[in-house]
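In: Predicted model follows, preceded by the sequence.
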Amino acid sequence: MSNRQTAAAAAALLLVLALLPWVAGASVIDKLTGLFILMLLAAMWGLMAGQAGLVSVGQQAFFGLGGYLALRLVDGGMAVYPALLAGAVGAAACAWLMSFFLLRLKDGEFAIATWVAAEVIRILVMLDPLVQGETGTSLIALNAVEPTLRRNLGYGFALLSLVVMLVAVVWLMRSPVGTASRALGDDDEAAASLGVRVMSTRRAVYVLAALGAALAGVAWLASAITFLPRTNFGVQWSVLMLFMVLVGGLRSLAGPLVGALLLFTLQESLGDLGAWYLAVVGALAAAFALYLPQGLVGLWHARQARRVRAASAPVSVSVQPPRSVSP
C-alpha cells in the first residue's frame, strides 16, 4: 500500500472507532478502552527501547503519577477531565526533571534506576493522606457523571490519546531527533563521535514516552475510578510493555501495536484460567526471545524482503547449442 492509501485506511478506521459508542454495547466499549491503553503503553515503550536503546522497567512511575496528580488537582477544585490531562502533563514534567539524573546511566544501571525511582515515587504517594496508604482512594468526581456518558468519554479520551501520541511518534521519528535517536540505539558512542547530542535526544524520547504512559494512566483512572498505589504503580505494567514489544517487534511502530493486540486476545481468551494464563504468557515470551527475537512484524518484513529479492532476481535462460546434422 502507498502512503496515501495507508493514511486513507487509517482515517476510515479512526472514523469507525469514533462512531462506535453510538452502536456498540458497554462491554465492547470497556474492552476497547483497555486495548487502547495497552497499545499506548506498548508504543511508548517501543519508542524508548526500539529507537533510543533505553530499556526501562520503571514506566509505571508515570502511569501512576499521572493519575495521582489528577486526583490532587481535582481535590484542589479543578474540573475532572481537564485535571486528567493536566495530571499527564505534570507527570511528563516530572520525567523531564528525573531525566537529568537517570539518563546519565546506561544499560542495566538505567533499567534498575528507573525501577527504584518508580518505587520511591509510589512510597511518597502512599504517604499522602488523600491516598490513604495501601487503601487507595477514588476519583469521586466521576461519579457525578452519568455512567454511559462517563464510559464514552473515557473511551474517547483513550482513543484520542492513542492517536495523538502515535502521530507524535511518527513526527518525531521523521525529524532530526528521530534520526539521532536511531543512531544512539545502534551505537551511542559512535553517534556521539559524529556530533549527535546524546542527552538532549534521549531526553526528548524519554519525556515523550513518559507523557504517553501518563496518558494511559489517567485513561485507566477514568475507566476504573479507583486509585490503588500497588496497582497503578505496579511493575506488572512494565512487564506487559516488555511482552507486547517483544512479541510484536522492537524496531517498528507497528510491532508494539501488534503485540498489544496479541496480549489483548490472550487476556480475553485465557484470562479466566488464572495461573495457566500467566504460564502461557511466560512461555510465549520465552519462545519469542529464543526463536523469534525480531517479533511478528519483523518476521513479516523479513519474508517480504525475501519475496522482493526473489522477484527481482535475474532469470537465467539456458540456450542449447544447435545440433549438428550429419550429411
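Out: Good, I have the coordinates.
In: from what I can see residue 276 touches residue 282, true?
Out: No. If you go by C-beta atoms under 8 Å, residue 276 and residue 282 don't touch, sitting 10.6 Å apart. For every residue, glycine as well, the C-beta is placed using N, CA and C.
In: Strands of the stretch 51-200 of the chain, start to end?
Out: 137-138 (DSSP state E, counting those that start in this stretch).
In: where in it is pLDDT low?
Out: 185-187 (pLDDT under 70).
In: Same check on the stretch 201-327 of the chain?
Out: 313-327.
In: need the helices for it, in chain order.
Out: 229-232, 236-248, 254-270, 275-291, 295-312 (DSSP state H, counting those that start in this stretch).
In: what packs against the longest one?
Out: Right, the one you point to is helix 295-312. helix 236-248, helix 254-270 (3 or more C-beta pairs under 8 Å, 6 or more residues apart in numbering; DSSP states H and E).
In: Kindly recompute the last result at 10 Å.
Out: On a contact count with 3 or more C-beta pairs under 10 Å, 6 or more residues apart in numbering; DSSP states H and E, helix 295-312 meets helix 236-248, helix 254-270, helix 275-291.
In: what does the fourth one give?
Out: Helices and strands touching helix 275-291, as assessed by 3+ C-beta pairs under 10 Å, 6+ apart, comprise helix 236-248, helix 254-270, helix 295-312.
In: measure residue 19 to residue 29 for me?
Out: 12 Å (C-beta to C-beta, to the nearest Å).
In: Neighbour count: those two, which is higher?
Out: Comparing residue 19 with residue 29 by other C-beta atoms under 10 Å, the one with more neighbours is residue 29, at 20 against 10.
In: which SSE is the more buried one in?
Out: Following DSSP states H and E, one finds residue 29 within helix 26-46.
In: centre of the chain versus that helix, how much separation?
Out: The chain centre lies 9 Å from the centre of helix 26-46; the measure is C-alpha atoms, centre = their mean, to the nearest Å.
In: Now it: buried residues?
Out: 29, 32-46 (16 or more other C-beta atoms under 10 Å).
In: Cross-check the contact I'm expecting between residue 253 and residue 171.
Out: No. In this structure, residue 253 is not within contact of residue 171 by C-beta atoms under 10 Å, at 11.6 Å.
In: Just want to know which of these two has more residues nearby.
Out: residue 253 (18 against 11).
In: give the contact list for residue 39.
Out: Contacts for residue 39 (C-beta atoms under 10 Å, 6 or more residues apart in numbering) come out as 158-159, 162, 165-166, 216, 244, 256-261, 263-264.
In: So what's the residue count around residue 79?
Out: So residue 79, with other C-beta under 10 Å, has 11 neighbours.
In: One more: the one 5 residues further on?
Out: As a burial measure, the neighbour count of residue 84 was computed by other C-beta under 10 Å and equals 30.
In: I'd assumed residue 218 was in contact with it.
Out: Yes. Counting by C-beta under 10 Å, residue 218 is a contact partner of residue 84 at 4.2 Å.
In: could I get stretch 40-48 in PDB with only the CA atoms?
Out: This file holds the C-alpha atoms of stretch 40-48, laid out as PDB (Å, rounded to 0.1, in the frame of the first residue of the first chain):
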ATOM      1  CA  LEU A  40      -0.400   3.300  24.100                       C
ATOM      2  CA  LEU A  41       1.800   1.700  26.700                       C
ATOM      3  CA  ALA A  42       3.400  -0.600  24.100                       C
ATOM      4  CA  ALA A  43       4.000   2.200  21.600                       C
ATOM      5  CA  MET A  44       5.700   4.300  24.200                       C
ATOM      6  CA  TRP A  45       8.000   1.500  25.500                       C
ATOM      7  CA  GLY A  46       8.800   0.500  21.900                       C
ATOM      8  CA  LEU A  47       9.800   4.100  21.200                       C
ATOM      9  CA  MET A  48      12.200   4.200  24.100                       C
END
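In: Tell me which residues of stretch 160-173 come out buried.
Out: Those buried within stretch 160-173 under the rule 16+ other C-beta under 10 Å are 161, 162, 163, 165, 166, 169, 172, 173.
In: Now do the shared contacts for residue 276 and residue 282.
Out: With C-beta under 10 Å, 6+ apart, residue 276 and residue 282 have no common neighbours.
In: rewinding a little: and for residue 84 and residue 218, which residues touch both?
Out: Applying C-beta under 10 Å, 6+ apart, one finds that residue 84 and residue 218 are jointly contacted by 66, 67, 69, 70, 71, 139, 154, 157, 161.
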